[in-house]
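Participant: Provide a 3D model corresponding to the input given below.
(one chain, ligands or ions: 1)
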Amino acid sequence: MSDTLVEKFLQDGFVILEDFLNEEEVEELRKAGEALAENIPDNDIHTFKSGEEKRKDQYFLDSADKVSYFYETSVTENGNLDSNMNGDAETGKTSAPRNLLNKVGHALHKHHPVFGRVASSTPVREICYRLGLEDPAIAQSMYIYKNPKIGGEVLPHQDASYLYAEPPSALVGFWIALDDATTKNGCLWFASGSHKSGVHRRFMRTIDNTTGSNEVHLAYDSPAPSYPSSIFRPVPVKKGTCIVIHGLVLHKSDANTSNDPRHAFTFHVLDQKGSKYSPSNWLQLPEGQSFVSLYSNKHNLPASN
Ligand SMILES: O=C(O)CCC(=O)C(=O)O
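Facilitator: Have a look, this model is predicted:
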């Protein structure tokens, strides 16, 4: 990554790296994502919806070191689409579960050699180095499907709301398009320069003592701010492009209203040097585990095929 691109990242809060992956590499990731979707291991339906105000879902809370499957919230228990969805719901037809997936995560980098190899690749390490990260480690990874006509919108957010650290700038996201991403199929939109205003709100683990069960649930610490849509600009990209995302920059994506898929592989890196990852974040590794360090070989990265 050149000095100019580093400057762009610091100025805008994101930077676009075209041709980050070649066709073959994109195809390999895409095939791996399709294979996950073809082999959904259990019949439980767990959903994911961006901006959901409250969550009490042990499967989600436990997913930090696993390969866990999350459907669009428009999926009901029996795998049908809710009546408020267009497309299949209008005709009453059901869709195959693979077409209803929202994402698979959050430790693909640990459990899957193809994703692990990309997330810990030399270009990723080099970007971390160029951005001045001193001890970068992969905190989480996920495959996002954004399926045609079904993939829901992702509301405006800062990634640091979810993976909060002090300082919050220790967090950097990598988002790799595995299809051409357009305004029709749900490309990312960014509010350029919005990373300079601190963390707007946090999504945190709290104890639910209303029921007497003392269960952990997740909730925002303040209501969703209202952002003018005029601050966001679409960032359509070709497949193979990587967008490097500052932890504090506001971004979002629209629902996929097209007939085209918009798959992406994304992961977050935390600079562990001089930062403190919050124990209130939703993503917590089991006791004794640590994030996968990118500059040392101490941790178990998946073996290459
Ligand atoms: O892939 C998308 O549509 C949005 C992803 C995103 O914003 C995120 O994971 O933070």
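Participant: Which SSE is immediately downstream of the strand or helix carrying F174?
Facilitator: When secondary structure is defined by DSSP states H and E, F174 falls within strand 171-177. If you walk from strand 171-177 toward the C-terminus, the next helix or strand you reach (DSSP H and E) is strand 188-190.
Participant: who does that next one pair up with?
Facilitator: When sheet partners are counted by DSSP bridges, strand 188-190 sits next to strand 233-235 (antiparallel), strand 251-253 (antiparallel).
Participant: Would you mind finding the most buried of the ones you listed?
Facilitator: Comparing the strands paired with strand 188-190 by mean neighbour count (mean count of other C-beta atoms under 10 Å), strand 251-253 comes out on top with a mean of 23. (C-beta placed from N, C-alpha, C; glycine too.)
Participant: quick one: average pLDDT of that one?
Facilitator: Rounded to a whole number, the mean pLDDT of strand 251-253 is 98.
Participant: likewise stretch 190-204?
Facilitator: Mean pLDDT, computed over stretch 190-204, is 96.
Participant: residues contacting P279?
Facilitator: Listed by C-beta atoms under 8 Å, 6 or more residues apart in numbering, the contact set of P279 is empty.
Participant: can you rerun that using 10 Å?
Facilitator: When the contact criterion is C-beta atoms under 10 Å, 6 or more residues apart in numbering, the partners of P279 are M204, R205.
Participant: Also G151?
Facilitator: Counting by C-beta under 10 Å, 6+ apart, the residues that G151 touches are 72, 74, 99-103, 144-145, 185-186, 253-258, 261-263.
Participant: can you do 6 Å?
Facilitator: By C-beta atoms under 6 Å, 6 or more residues apart in numbering, the contact set of G151 is G186, N256.
Participant: Can you tell me how far it is from N185?
Facilitator: As for G151, its distance to N185 is 8 Å (criterion: C-beta to C-beta, to the nearest Å).
Participant: Can you work out which residues contact both of those two?
Facilitator: Contact with both G151 and N185 is made by residues N256, according to C-beta under 6 Å, 6+ apart.
Participant: Pull out the buried positions in stretch 206-222.
Facilitator: V216, H217, L218, Y220 (16 or more other C-beta atoms under 10 Å).
Participant: Sort out for me which of those residues are in strands.
Facilitator: The strands, defined by DSSP state E, take in V216, H217, L218, Y220 from the buried residues of stretch 206-222.
Participant: And the pLDDT at the second one?
Facilitator: On pLDDT, H217 comes in at 88.
Participant: what's near enough to touch it?
Facilitator: Listed by C-beta under 6 Å, 6+ apart, the contact partners of H217 are K56, D208.
Participant: need the contact list for the one residue in the chain that gets nearest to the ligand.
Facilitator: Among the residues of the chain, S253 lies closest to the ligand, at 3.3 Å counting by C-beta to the nearest ligand atom. With contact taken as C-beta under 6 Å, 6+ apart, S253 is in contact with V154, G186, L188.
Participant: could you redo the last one with a cut-off of 10 Å?
Facilitator: Taking C-beta under 10 Å, 6+ apart as the contact definition, S253 lies against 50, 144, 146, 151-156, 175, 181, 183, 185-189, 234-235, 262, 264.
Participant: Kindly report the same for H195.
Facilitator: By C-beta under 10 Å, 6+ apart, the residues touching H195 are 9-14, 158, 160, 168-169, 245-251.
Participant: same thing but at 7 Å, please
Facilitator: In this structure, H195 makes contact with G13, H246, L248, V249, judged by C-beta atoms under 7 Å, 6 or more residues apart in numbering.
Participant: Roughly how far does H112 sit from N281?
Facilitator: The gap separating H112 from N281 is 23 Å, by C-beta to C-beta.
Participant: again, but for D65
Facilitator: Here D65 is placed at a distance of 14 Å from N281 (C-beta to C-beta).
Participant: ditto for H200
Facilitator: In this structure, H200 and N281 are separated by 16 Å, where distance is defined by C-beta to C-beta.
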